[in-house]
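Q: Take this sequence and fold it.
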Amino acid sequence: MRNSYTSACVKTLIDQGVEFGWVGGVSAGASHTVNFLSLDSFRAVQSFVDFANSPSFGGLGSMLRGTGYFNAEYIYERAADQDLPFDFDTFSNNPAQCNLSAVNALTGETVVWTREDFEREEDLFMRVRASSTLPLIMPMRYISGVPYVDGAMGESGGIVIDEAEKAGFKKFLFVGTKPRGFVRPEVKRKAGLRRFFRKYPQIAESMIVRPARYNQSKQRLLELEKQGQAQLFFPEDMQVTSTERNVMKLRSNYEAGKRQMYSEWPAWKEFLLG
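A: Below you'll find the predicted structure:
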């Protein structure tokens, strides 16, 4: 739900007609990715703001019923047909490369999906859901019998700059939900985490190594920025946590992101056109 702040960035890029050769994201960034590639600025905002008002969105009752604090099946796989329509044709016809990833909960392997994996809308959204599946508060999504969890626990640590560079690109725009100075702290209770995930030990190991992976990817972004190869967006007035469902707070957070986006747009435009 912190992405209610960065929704303003996605909306601006769509409204300004900005195009990229490669677009990728994990976790909530997977939703930003597909919304951007479908050129739907309304959906880009609603996905993280007013959509939370839906009685099917989740909550403690949903968690007790086993559908997760965030009702992932509804949010990612049913709402696209009902409450939050998705333009799959526009997404499919967008020439930009699309890169999504999740983590195999059995092996800890990072699995990357590209356009070849999205023949149907259902193929796309089961993978967006898998990439976004937070352990504990969302049930795992099985694909071909394999359970998946949040892509942010994979090799990228949540920042997919390595995938973008491997694809051959040299200039990057990054949108994040943590402050510029944020350093992900080391997991302190490793033994307790391993006991908790004893049925899925690779989830625990992925969570333990994530801080180092995240910090390494973040450092690479900062290096690219110094070299003039990256434009980075870090929130300066984030007002909510990742589990916020109060729509008024989410709207306020979106407006805060909109203000920052407005102030940074001239620098973005110069970078994008340079």
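Q: pLDDT on whichever strand in the chain runs longest, on average?
A: In terms of residue count, the longest strand belonging to the chain (DSSP state E) is strand 97-104. Strand 97-104 carries an average pLDDT of 98.
Q: neighbouring contacts of the next helix or strand after that strand?
A: The helix or strand immediately downstream of strand 97-104 is strand 110-113, counting by DSSP states H and E. Identification of contacts with strand 110-113 by C-beta atoms under 8 Å, 6 or more residues apart in numbering yields 99-104, 127, 148, 151, 154-156, 163. In short, each C-beta sits where N, CA and C put it, glycine included.
Q: Same check on stretch 179-198?
A: Stretch 179-198 has contacts (C-beta under 8 Å, 6+ apart) with 135, 157, 201, 203-205, 207-208, 210-212, 214-215, 218, 232, 234-236, 238.
Q: same thing but 10 Å
A: 105, 135-136, 157-158, 176, 178, 201, 203-215, 218-219, 222, 232-238 (C-beta atoms under 10 Å, 6 or more residues apart in numbering).
Q: rewinding a little: with distance to residue 190 as added columns, please give the contacts of strand 110-113 in CSV.
A: Shown next, in CSV, are those (distance: C-beta to C-beta, whole Å):
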residue, distance to residue 190
99, 30
100, 29
101, 24
102, 23
103, 18
104, 21
127, 30
148, 23
151, 22
154, 19
155, 20
156, 21
163, 28
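Q: Of those residues, which qualify as buried by neighbour count?
A: Those of those that meet the buried threshold are 99-104, 127, 148, 151, 154-156, 163, by 16 or more other C-beta atoms under 10 Å.
Q: would you list every one of the helices in the stretch 1-150 of the chain?
A: In order along the chain, the stretch 1-150 of the chain carries the following helices (DSSP state H, counting those that start in this stretch): 3-15, 28-37, 41-46, 60-64, 72, 88-93, 121-132.
Q: Quick one: distance of the longest one to the chain centre.
A: The offset between the C-alpha centroid of helix 3-15 and the centroid of the whole chain comes to 13 Å, using C-alpha atoms, centre = their mean, to the nearest Å.
Q: what's that helix packed up against?
A: Helices and strands touching helix 3-15, by 3 or more C-beta pairs under 10 Å, 6 or more residues apart in numbering; DSSP states H and E, are helix 28-37, helix 41-46, strand 172-175, strand 230-233, helix 247-273.
Q: cool, and the second one?
A: Contact partners of helix 28-37 among helices and strands, from 3+ C-beta pairs under 10 Å, 6+ apart: helix 3-15, strand 22-25, helix 41-46, helix 88-93, strand 97-104, helix 121-132, strand 172-175.
Q: quick one: pLDDT of residue 28?
A: For residue 28, the model assigns a pLDDT of 95.
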